[in-house]
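Colleague: sequence and predicted structure, then a few things I'm wondering about:
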Amino acid sequence: MDLKDDFDNILQNAKEILNDEQNGKQRTRLITYMLFGGLTLVSGLIALFFENDSLSMMNFLFFFTNCINVLLLLTAGQKGLNIAGWLFVPELSSLLLYFLISGNPDGFSAIWLILFPFGAMIDHGLKKGTILTVSMFSIIGFLLWTPVGKSLLLPEAIQNYSTTFCAQFPLVFLLACGFAFFLQAEKERTHIDPLTALNNRKGFWAELTPIDLKRQNIFIGAFDVDNFKQINDKFGHTVGDEVLRTIGSVLGKKERIHFARWGGDEFVFWFRKCDGYEEMINEWIRKITLRMAEIDEKDLNITMSVGVCITPCQNFKDIKDCMKIADEALYQAKEQGKNQVVYIEKV
């Protein structure tokens, strides 16, 4: 019975990830792992049909390893997502290098040549993905362009690889890296607010996973800058932008609280329930106030009103309900004189 319940939970998690539009990052990863698993399974069956035992074993090994990635993603939340990411790139690396060094089957390594940079970018983001793809490019170049590297290739590979192939293969890989880099950069750009460098609405939703929501109590809050319109009117939009940019520079360094710019001077945030969360919120408000003193206009007198819903959220519907309550708390803070934090518990 327990096994059946576990299986039902896994299927339910998969359904939530694939169907929920707010869950883009995890959905992309899940689809990638499923497609990769299907590709390695088909490759293994084809190799088995042609009696290529070593190739079929290699593909079946990575098929089962990829099944583990899917299970990690569906059962272990953000931690599983991170572990699966660090398993996935070695899988791609091993397959690509196996095909390249063995030369068998001829030309099949081109598939993994294209998949590697996209897999690295999807799993590790722009910076780490770029480092991984450049490292792989260096290894490929070493194997095909240097005498020492060529000595590591099997005789079948040396026979199959022409001078043209050795020259073009790393360059095609580099081209795939460039294309993957461009797509990932565009994707990440759509998740980041350009003025504050914090997450925007898309980025806010992308950080939340259904599994983490079920396992951890998430609190939601909202805040804005008091009298921000008057600041823009009196000092100009340049100073107003500098105020928002300063807020972003302070909040971007917080690890326990996740912030996003919602629009205008309004921000939202979420954090896992913990002891002393009131002091944690007061601390970042104090740091923002201190940083505002560095702005040239001396009589800005920046204050903020904050509303927090202290009812734990365990799914995306809860999040949306709690955001409405956080807005109500923010409105109360404004009505009660601004420059304060108001906490409301959902009834």
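Modeller: Okay, I see it.
Colleague: going along the chain, name the helices of the stretch 101-250 of the chain.
Modeller: Applying DSSP state H, counting those that start in this stretch to the stretch 101-250 of the chain gives helices spanning 109-145, 147-150, 155-160, 163-189, 201-206, 210-215, 228-235, 237-251.
Colleague: wait, which of those is closest to residue 58?
Modeller: Proximity to residue 58 (C-beta to C-beta) singles out helix 109-145 among the helices of the stretch 101-250 of the chain, at 11.3 Å. In short, each C-beta sits where N, CA and C put it, glycine included.
Colleague: packing partners for the closest one?
Modeller: helix 24-49, helix 77-102, helix 147-150, helix 163-189 (3 or more C-beta pairs under 8 Å, 6 or more residues apart in numbering; DSSP states H and E).
Colleague: least confident secondary structure element in the protein?
Modeller: None of the helices or strands of the chain scores lower by mean pLDDT, DSSP states H and E than helix 210-215, at a mean of 62.
Colleague: could you check how far residue 155 is from residue 101?
Modeller: 11 Å (C-beta to C-beta, to the nearest Å).
Colleague: more neighbours: which of these two?
Modeller: Remark: of residue 155 and residue 101, residue 101 carries more neighbours, 16 against 8, as counted by other C-beta atoms under 10 Å.
Colleague: what sits closest to the more buried one if chain neighbours are left out?
Modeller: Closest residue to residue 101 apart from its sequence neighbours, by C-beta to C-beta, 6 or more residues apart in numbering: residue 153 at 5.6 Å.
Colleague: returning to what we had before: and the helices of the stretch 101-250 of the chain as TSV, adding distance to residue 222?
Modeller: As requested, the helices of the stretch 101-250 of the chain are exported to TSV (distance: least, C-beta to C-beta, whole Å):
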stretch	distance to residue 222
helix 109-145	27
helix 147-150	56
helix 155-160	59
helix 163-189	24
helix 201-206	11
helix 210-215	18
helix 228-235	14
helix 237-251	13
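Colleague: least confident of the ones you listed, on average?
Modeller: Among the helices of the stretch 101-250 of the chain, helix 210-215 carries the lowest mean pLDDT, at a mean of 62.
Colleague: ok, residue 237 to residue 292 distance?
Modeller: Residue 237 is 17 Å from residue 292, by C-beta to C-beta.
Colleague: comparing the two, which shows the higher neighbour count?
Modeller: residue 292 (20 against 10).
Colleague: contacts for stretch 331-338, please.
Modeller: Residues outside stretch 331-338 that contact it (C-beta atoms under 8 Å, 6 or more residues apart in numbering): 226-227, 303, 305-307, 340-342, 344.
Colleague: stretch 243-251 too?
Modeller: With C-beta under 8 Å, 6+ apart, stretch 243-251 has contacts from 193, 195-198, 225, 228, 231, 257, 259, 261, 265, 267, 269, 284, 287-288, 291-292, 294-295, 300, 302.
Colleague: which stretches of the stretch 201-347 of the chain aren't confidently modelled?
Modeller: For the stretch 201-347 of the chain, the stretches flagged by pLDDT under 70 are 209-216, 254-255, 296-298, 315-316, 347.
Colleague: the same query, at a cut-off of 90, please.
Modeller: Residues of the stretch 201-347 of the chain that meet the criterion pLDDT under 90 lie in 201-219, 231-239, 252-258, 263, 270-277, 289-302, 310-322, 345-347.
Colleague: ok, residues contacting the longest strand anywhere in the chain?
Modeller: Assignment by DSSP state E gives strand 304-313 as the longest strand of the chain. Residues outside strand 304-313 that contact it (C-beta under 8 Å, 6+ apart) are 213, 217-226, 270, 273, 281, 285, 288, 318-319, 321-323, 325-334, 338-346.
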